[in-house]
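S.K.: Here is my input, please return the structure:
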Amino acid sequence: MNTYPLESITLEQAKTLQFKLIDLITSEFRGKEILSLGDLGVTSGINKPTATLKAEKVLAKFFEAEEVVLVRGAGTAAIRWGLLSMIRPGQNLLVHDAPIYPTTKVTIDSMGLNLIKADFNITDNILEALKVNKVNGVLIQYTRQKIDDSYDITKVIETIKGFDKSLPILTDDNYAVMKVRNIGVQCGAELSAFSLFKLLGPEGIGCVVGRKEYIDKIISWNYSGGGQVQGHEAMELLRGLAYAPVALAIQAEVSEEIVRRLNKGEIEGVKNAFIANAQSKVVLVEFEKDIAKDVLREAELLGAAPNPVGAESKYEFVPMFYRVSGTFRAADKALENRMIRINPMRAGADGVLRILNEALDRV
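M.R.: Numbers count the residues shown, from 1 in each chain. Coordinates of the predicted model:
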């Protein structure tokens, strides 16, 4: 089995991102403001908390984009608002020929969008879909939807823009932000959408980054005070985001060590181990027998988290042992019985392998 995970930034690159973010925060906020919990309600003239507006300005500069808006509803709502801003209900949306993330599918179905599918791994397939169909917008998931996905998001965007530079593109950057060099808008897309809960931020806060013409629509549609991201939430997301790149870079290093050691035969009963983006970057462990469900049961008793909260949220610090993703299961139902995914979170390789070895012994 071949997998093509996204290339993670190095620890040194992650430190550079951390330092860049902190520098931008200090250029936008006064020291006393940084040490505060932020303001509440709508401020006259900007119709949102001042701390929220300043946080949005920081993120726009950080991601080298025209504008940013923080929204309620995490990554799901960020994608929903992004699609609403760039494509009308009933129009045609180009997507990768793969299972669509369930919460995104709800938005697609509720908007009555007609899906035009193309294999993003094959350039000619993308061009053929564009030639024979009227496409009004494009949605690209940055991370993998199928185990054998190998497309480079920059090349996919360049292919689409080469055919029609006016075609708006939204990228779902969940599980990619702060792990890769550039997010979708930095690769040429109009909008990027992602959850800040997955980046050590507060529950339910999403982010849309990109072109002002689309972001301004989203801001106008979220005019009411109850729809605003409050100042204390904006400050909390900045505090979490400051630690995210380094933590995620260490996590990636640990995952690579786990795979190396498993594939050298360190634990009996493991057939293969892979790095994959499913959806977050994880270790996929394939067993010699169909014992995945039994291993997961025992791993939980040994202290491993059995399910995600936000997939990589502030609450998830112990290693997580859980079933392969829904989109992967949709592509191959047999995977559920012989394979698990492990996200080490803040754990080291020794700790993760101890739990796996003891769980297998019990099984």
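
S.K.: ranges for the helices of the stretch 1-150 of the chain?
M.R.: With DSSP state H, counting those that start in this stretch as the criterion, the stretch 1-150 of the chain has helices at 11-28, 31-34, 50-62, 74-86, 102-110, 123-132.

S.K.: typo on my end, it should be the stretch 151-300 of the chain
M.R.: 153-163, 212-221, 231-263, 292-301.

S.K.: out of the helices of the stretch 1-150 of the chain, nearest to Arg144?
M.R.: helix 102-110 (14.6 Å; CB to CB). (C-beta placed from N, C-alpha, C; glycine too.)

S.K.: C-alpha coordinates for the closest one, CSV please?
M.R.: Listed next in CSV are the C-alpha coordinates belonging to helix 102-110 (Å, rounded to 0.1, in the frame of the first residue of the first chain):
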residue,chain,number,x,y,z
PRO,A,102,-19.9,14.4,5.8
THR,A,103,-20.4,17.9,7.3
THR,A,104,-19.3,19.5,4.0
LYS,A,105,-21.8,17.3,2.1
VAL,A,106,-24.6,18.7,4.3
THR,A,107,-23.8,22.2,3.0
ILE,A,108,-23.5,21.0,-0.6
ASP,A,109,-26.8,19.2,-0.4
SER,A,110,-28.6,22.1,1.3
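
S.K.: so what secondary structure elements neighbour it?
M.R.: helix 74-86 (3 or more CB pairs under 8 Å, 6 or more residues apart in numbering; DSSP states H and E).

S.K.: can you list contacts of stretch 308-318?
M.R.: The contact list for stretch 308-318 (CB atoms under 8 Å, 6 or more residues apart in numbering) reads 74, 174-175, 195, 197-201, 203, 240, 248, 279-280, 303-305, 320, 322, 343, 345-347.

S.K.: picking that back up, and the helices of the stretch 151-300 of the chain, which is most packed in?
M.R.: helix 231-263 (a mean of 20; mean count of other CB atoms under 10 Å).

S.K.: if I pick Arg72, what's in contact with it?
M.R.: 204-206, 222, 227, 229.

S.K.: Now flag whichever of those is closest to Arg30.
M.R.: Distances from Arg30 to the contacts of Arg72, taken by CB to CB, are shortest for Val229, at 20.3 Å.

S.K.: how much space between the closest one and Ala74?
M.R.: 11 Å (CB to CB, to the nearest Å).

S.K.: any shared contact partners between those two?
M.R.: Joint contacts of Val229 and Ala74 (CB under 8 Å, 6+ apart) are Ile205.

S.K.: if we can go back for a sec, mind checking which of the helices of the stretch 1-150 of the chain is nearest Ile275?
M.R.: helix 11-28 (16.5 Å).

S.K.: name the helices or strands packed onto the closest one?
M.R.: Going by 3+ CB pairs under 8 Å, 6+ apart, helix 11-28 lies up against helix 50-62, helix 231-263.
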